[in-house]
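> sequence-free structure coming up:
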């Protein structure tokens, strides 16, 4: 198990990043910080999926005439490209909501907002 | 007619294309967006009808966009559970028609928002349809995001005082659950090297090496989808969001969007039952208990709500509890009951939210004490509301009865009579809070002049409410049809692959 | 109170995750299922089957075209959502002033309220603008040969618009956000998928199909470029419009 952990240290790194993000989402009161935590979680998952597609001595999967393998897998890169667009969209919507909340209540601290509700 | 293969691509792409064209239609004629959205959904409904007919006649079938064979391209797969697109189209159509008048009464609904509201509704419906028919894990995630993003925005669109807060809470929990689902997809991909659901199932079944990643992926998927379905204790986003949204949106969110979390759960079960990698008893027990707690807690909180929409929102938690409990029972009867309750509860809850929306539109009040006596002022709407209330309690011969009966049978079949009693107890609690509502509406003297002077709502709002209410009755009488329709799907779901 | 709960939850989720990643095939192992199953097929056959030397583009637009269609729909959803929430909001007097006059007075308002920009920054942005635009066009049109593509190029283009808006005032972005052309540009990505998908259905019999047979493989090239350009225009218009509306509120 320890040996496998060492081999998969890249994945462990993304788990650590994921945990940091989750902590920020739960523990912070500021809505923007909460949201940044979510962005960290998303980045962790993207890093994990990208790392899945890596191969020892791999090259980018671009098939020009003289390209020699081994090639990194193109599929995870495609997935993450899509994932990033999704993350950007979520961010845009979240920031919009935060702008409106601030306009209405004059604060973006979750504890103060709970009192006003 | 129904054998034409392209209906499956059309049913997914039509609402999305219609949404992209809605702002352009608004440019040509400012009042066109509702009618444009309605036309889009009419065509989508046609496609959905063809698909349901085909699955009825032939069983599950696939469509390969781009012509790529299954694991290499994205596969669209239409099975018995995908027939939920029929309900999505029906309720979406009704909600759009209802909105055409209703949105004028919203506090902050400037007319330049109108095209974007209808575009969001279409995107939400399109996302749900795509989610229900895709046979590919990552494609599932993409459609999940379309329907979630548009759902968060629809909550905030009406401009109620707490709407943006509710939407943000919904967004935060929804986005975290989406990340969990994506993480799980990453794990499954890392283990099997494929994203096609059928292929993942087969390769997971033949897996050599540690099964820990598969178990963790299952946990991530379960937590993610259960959050989307708003099961206790991950339900905290739902009451505010569904109560703050405009009523037709509440009908879509409460009737349909939370159900897609359940459909996600069913897809997850398909993979793990099919792979037969490990025993799912633990997960089933967790789901049973969470479902039971949700039934009781949801009904209990609903009793103490003064706000009618908040009450309906809590009753959604209770009803999703029935569905999740039925899934957790993992017996044929239980899962059949749960699957049919997905359809029936969608109809019932849409009826209730539209009827309440009509009452709020006319009177401007939304608490039980303010709305006393409204039943005499708005007879047709109140009849629809009462039919919905009777159905949701599960009194025969309405739509709610047969599926709850099946879930109860499932509980006894699984040798878990306790959960059968929980179900009956939950139904009694639900009965109490709807009795409160009916009592206030019919047998108390009105205290507001607006309530006594309220007239029936215009046809564009009355028609959807009455049609859905009569469907609640019809589905009660014809209740056997969906039960027999879904049965082969359930049998296939519970069986190991190749067995 | 909140912190211990958070730490407990994080540990509760992190420990199984660490155990799970330890059970995955070793990182970078060429015999892992990730490399031997679907990806192997892409690497072996993808270049000729999908018609793009850059396999990432080939997989994105051709093999998994429906994902890409969903992806552009997601970002279009974000735009629609932002507009639906921000348009015509008038809760406080100052926000009424800044958004009610959005369509006509806004341009003038901004000019007066925008923070003064250093002349050097302004000069450099205007100097670089044509080159950035050229680079964006290169990234978009070469996406199927080299790293890049519609999304990346569109993001560069949107960055250019935003930089210009900061220097010249938001009036510089009127064409993408405020004219009759705007909804067409914003929906360009989704619509290009619908159009190309339908054309593909007529040519190959499958929605989003690309003809691969010799007489028509040039059409395939054209269709892929049409998709890339559509994605880029749509993506850039969406991002720029979102920026404009957030900035205005």
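Perfect, I can see it now. For clarity, every value in this text was computed on a predicted model and none was experimentally measured.
> what's near enough to touch residue 54?
By default, I'm working from chain A. A:10, A:72, C:27-28 (CB atoms under 8 Å, 6 or more residues apart in numbering or on different chains). Placement of C-beta: from N, CA and C, glycine included.
> You answered for a different chain; I wanted chain B.
B:2-3, B:7, B:61, B:78.
> Mind naming the longest helix for chain C?
The longest helix of chain C (DSSP state H) is helix C:217-248.
> And for chain B?
Criterion DSSP H: the longest helix present in chain B is helix B:332-363.
> Chain A too?
Assigned via DSSP H, chain A shows its longest helix as helix A:74-105.
> can you give me the offset of that one from its chain's centre?
11 Å (CA atoms, centre = their mean, to the nearest Å).
> Beyond it, next helix or strand please.
helix A:110-116 (DSSP states H and E).
> For chain C, tell me whether that following helix is touching it.
No - using CB under 8 Å from any CB of the partner chain, helix A:110-116 never reaches chain C; the gap is at least 9.2 Å.
> and that helix, anywhere near chain B?
Yes - residues of helix A:110-116 contacting chain B under CB under 8 Å from any CB: residue A:113.
> returning to that earlier point: just flag the most distant two among the contacts of residue A:54.
Greatest spatial distance among the contacts of residue A:54 (CB to CB): A:10 and A:72, at 13.2 Å.
> More neighbours: these two, which one.
For residue A:10 and residue A:72, the more surrounded residue by other CB atoms under 10 Å in any protein chain shown is residue A:72, and the numbers stand at 23 against 16.
> contacting residues for the residue nearest to that one when sequence neighbours are not counted?
Distances taken as CB to CB, 6 or more residues apart in numbering or on different chains place residue A:58 nearest to residue A:72, at 4.1 Å, with adjacent residues excluded. Residue A:58 makes contact with A:70-72, C:28, according to CB under 8 Å, 6+ apart.
> I'd like the distance between the spatially closest residue to residue B:60 that is not a sequence neighbour and residue B:339.
Leaving aside its sequence neighbours, residue B:60 sits nearest to residue B:79 (CB to CB, 6+ apart; 3.9 Å). The gap separating residue B:79 from residue B:339 is 11 Å, by CB to CB, to the nearest Å.
> Check residue B:183 too.
27 Å.
> try residue C:38
31 Å.
> Neighbour count: those two, which is higher?
residue B:339 (30 against 25).
> wait, doesn't the more buried one sit right on residue B:81?
Yes - the pair residue B:339 / residue B:81 is scored as a contact, 6.6 Å apart, by CB atoms under 8 Å.
> shared neighbours of the two, anything?
B:266, B:486, B:489.
> Let me see the backbone angles for residue C:54.
phi -80, psi 110 (degrees, to the nearest 10).
> which residue sits closest to it, ignoring its sequence neighbours?
Of all residues not flanking residue C:54 in the chain, residue A:62 sits nearest, at 5.0 Å (CB to CB, 6+ apart).
> The one you found and residue C:58 touch, don't they?
No - counting by CB under 8 Å, residue A:62 stays clear of residue C:58, with 10.0 Å between them.
> how many other residues sit next to the nearest residue to residue C:18 once chain neighbours are set aside?
Distances taken as CB to CB, 6+ apart put residue A:15 closest to residue C:18, at 5.6 Å, once the chain neighbours are dropped. Applying other CB under 10 Å, we find 22 residues neighbouring residue A:15.
> same question, residue C:117
Count around residue C:117 with other CB under 10 Å applied: 14.
> And residue B:28, by the same measure?
Going by other CB under 10 Å, the residues that sit close to residue B:28 add up to 9.
> Now name the helix or strand holding residue B:201.
Assigned by DSSP H and E, residue B:201 falls in helix B:197-205.
> Next SSE downstream of that helix?
Helix B:197-205 is succeeded, C-terminally, by helix B:212-229 (DSSP H and E).
> which secondary structure elements does that next one contact?
On a contact count with 3 or more CB pairs under 8 Å, 6 or more residues apart in numbering or on different chains; DSSP states H and E, helix B:212-229 meets helix B:163-192, helix B:258-275, helix B:281-303, helix B:308-329, helix C:2-23.
> Reformat the ones you listed into CSV and put mean pLDDT and mean neighbour count next to each item.
What follows is the helices and strands packed on helix B:212-229, written out as CSV (pLDDT from 0 to 100; neighbours: other CB atoms under 10 Å in any protein chain shown):
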stretch, mean pLDDT, mean neighbour count
helix B:163-192, 93, 26
helix B:258-275, 92, 23
helix B:281-303, 91, 20
helix B:308-329, 92, 27
helix C:2-23, 90, 16
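> hang on, the earlier thing: in the contacts of residue B:54, which residue is surrounded by the most others?
Neighbour-wise, the contacts of residue B:54 (other CB under 10 Å) top out at residue B:78, 26 neighbours.
> ok, that one touching residue B:59?
No - between residue B:78 and residue B:59 there is no contact under CB under 8 Å: 9.7 Å.
> buried set for stretch B:418-427?
B:419-420, B:422-423, B:426-427 (16 or more other CB atoms under 10 Å in any protein chain shown).
> got a list of what residue B:161 touches?
Contacts of residue B:161 by CB under 8 Å, 6+ apart are residue A:104.
> next one: phi and psi at it?
Dihedral angles (degrees, to the nearest 10) for residue B:161: phi -60, psi -50.
> Could I get the full set of helices for chain C?
C:2-23, C:33-36, C:38-50, C:55-57, C:65-86, C:93-100, C:106-113, C:119-141, C:150-168, C:174-177, C:182-186, C:188-204, C:217-248.
> Columns pLDDT on top of the contacts of residue A:54, output as a markdown table?
Listed next are those as a markdown table, based on pLDDT from 0 to 100:
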| residue | pLDDT |
| --- | --- |
| A:10 | 90 |
| A:72 | 89 |
| C:27 | 87 |
| C:28 | 84 |
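> just to revisit the earlier point, relative to residue B:462, tell me which of the helices and strands packed on helix B:212-229 wins on proximity.
helix B:308-329 (18.3 Å).
> Just want to check the distance between residue B:27 and chain C.
Shown here: residue B:27 relative to chain C, a distance of 6 Å by CB to the nearest CB, to the nearest Å.
> Quick one: residues in contact with the helix holding residue B:201.
B:70-71, B:75, B:77, B:135-137, B:140, B:188, B:191-194, B:214, B:267, B:270-272, B:274-277, B:496-497, C:33, C:37.
> follow-up on the earlier one: next, the angle from the helix or strand hosting the residue nearest to residue C:18 to helix C:2-23.
Element membership for residue A:15, per DSSP H and E: helix A:9-27. Angle of helix A:9-27 versus helix C:2-23, following axes from the mean of the first three to the mean of the last three CA atoms, to 10 degrees, is 160 degrees.
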